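A.B. asks: I need the structure of the sequence given here:
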Amino acid sequence: MKLYTAKKFEIPTLKGISAKSIGEHINLYLGYVKNLNLIDEKRLEYKKDREANAYVLGELRRRLSFEYNGMRNHEVYFSSLEGGPKDIDPSGDLKKAIETDCGPFDEFLSGFKSVASTVRGIGWMVLWYDKKDDRLLTSWIDEQHLGQLNGCDMILAIDMWEHSYVADYQPSGKKQYVEDYFANLNWSVIEENFKRAKK
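C.D. replies: The predicted structure is shown next:
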């Protein structure tokens, strides 16, 4: 059985987001990877008697999407903080695409931050690339798996689960966390995500 392997991230000192929070957050990511491997292991065990274990196998399949998306979403999130903050290339393809599909860059960014800051509950605010229509889209994902856009590649994702900010900001500091996330964001990573998605 092929195992999922956790990625390692080189995240520098961040504005507002403590190393302790990042460390604990990465431990949660490692849990998604571990749980995915456990699901695969248990699935092989239970499918020896599919009829007797039909309910359990169904629940494992349901749980797989939560764990898998939790792993992949966090990989996009953590990688966007590697290498230190870098501004978006003002003449690059990503900025041009954002302005074509989402309006002026400053307005796009303001709207993205606003939704991330004000949606009630846990989830993710995401910028996607839709290969079928060659366009960018933004959406909110509830939890890890409700609201993923089929066929789209995640370009940029901010984790809005409380574990990502409460230790440093308290519940009332969600808006500041969003501002600090973007202050720490390495846009060159997001641009690379976009280039890969377009291939």
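A.B. asks: Which helix runs longest in this protein?
C.D. replies: Identified as the longest helix of the chain according to DSSP state H is helix 19-46.
A.B. asks: So which bits of that one are buried?
C.D. replies: 21-22, 25-26, 29, 32-33, 35-37, 39-40, 43, 46 (16 or more other C-beta atoms under 10 Å). Bear in mind the C-beta positions are built from the backbone N, C-alpha and C, glycine included.
A.B. asks: Surely Leu156 is within a strand?
C.D. replies: Yes: counting by DSSP: H, G, I helix; E, B strand; the rest coil, one finds Leu156 located in a strand.
A.B. asks: my guess is it contacts Asn186, does it?
C.D. replies: No: contact criterion C-beta atoms under 8 Å: Leu156 and Asn186 do not qualify, at 10.7 Å.
A.B. asks: Settle it for me: which of those two has more neighbours?
C.D. replies: Leu156 (24 against 18; other C-beta atoms under 10 Å).
A.B. asks: mind listing what that one touches?
C.D. replies: Contacts for Leu156 (C-beta atoms under 8 Å, 6 or more residues apart in numbering) come out as 76, 80, 126-127, 190, 193.
A.B. asks: So what sits opposite it in the bridge?
C.D. replies: Leu127 (DSSP bridges).
A.B. asks: The longest helix of the chain: what's the following helix or strand?
C.D. replies: helix 54-79 (DSSP states H and E).
A.B. asks: Give me the below-cutoff pLDDT ranges for this protein.
C.D. replies: Residues of the chain meeting the criterion pLDDT under 70: none.
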